[in-house]
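Undergrad: heads up, no residue letters with this:
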C-alpha cells in the first residue's frame, strides 16, 4: 500500500510541477506577444530624454556616493581582450531636489529643539546644585560627580 501511495504522490507532484511550468511558459509567451504587438503597432519615434532617464529619489550632496573608478587587470598569458564599450553619455544631468518642509512644521521642530535643550540644561543645573550642596556640607565627590559638576559649570558659564 505504501508504494502505491508514494507513486500517487509523486505523480501528483509531477503533474503540479508540469502544470506550473506550462503556466509560466504561457505567461512568458503572452508577454512576448504583447511586447511585439506594441513595437509593431507603435510608430518609431525618438524617445524624449526625460522618458529614457531613470527616475531616482533625490540625493543630498553629502550622502551622494563617489563614482567608482573602473580597474582592469590584464594577465600576461591571456589573449588581448576586446576594447571596452564606450560609456553611454547621460542625456541630462540629474539634479537633486531638496524639498523643504512647510514653515509651520519647521517652526514647531525648532521650538521642540529649544524646549528639549533647555529642559536638559535645567536638569543638569539641578544635579550640579545638589552636588555643590554636598561639597559645601563637607562630603566628598566621586570622580564621575566631579566631572559632572565641571560640565554643568561649563554649560552655565560658557554658553
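TA: Thanks, I have the structure now. Keep in mind that this is a model prediction, so the values were computed, not measured. Numbers count the residues shown, from 1 in each chain.

Undergrad: first-to-last residue distance for stretch 93-110?
TA: Stretch 93-110 has an end-to-end distance of 34 Å (criterion: CA to CA, to the nearest Å).

Undergrad: and residue 103, how far from residue 114?
TA: Distance of residue 103 to residue 114, given as CB to CB, to the nearest Å: 17 Å. Where you see a C-beta, it was placed from the backbone N, CA and C, and this is true even at glycine.

Undergrad: which element, helix or strand, includes residue 128?
TA: Under the criterion of DSSP states H and E, residue 128 resides in helix 103-136.

Undergrad: from the contact counts, what lies against that helix?
TA: helix 143-158 (3 or more CB pairs under 8 Å, 6 or more residues apart in numbering; DSSP states H and E).

Undergrad: buried set for the helix it packs on?
TA: 145, 148-149, 152 (16 or more other CB atoms under 10 Å).

Undergrad: in the chain, where is pLDDT below threshold?
TA: When residues are selected by pLDDT under 70, those of the chain lie in 1-9, 40-90, 92, 159.
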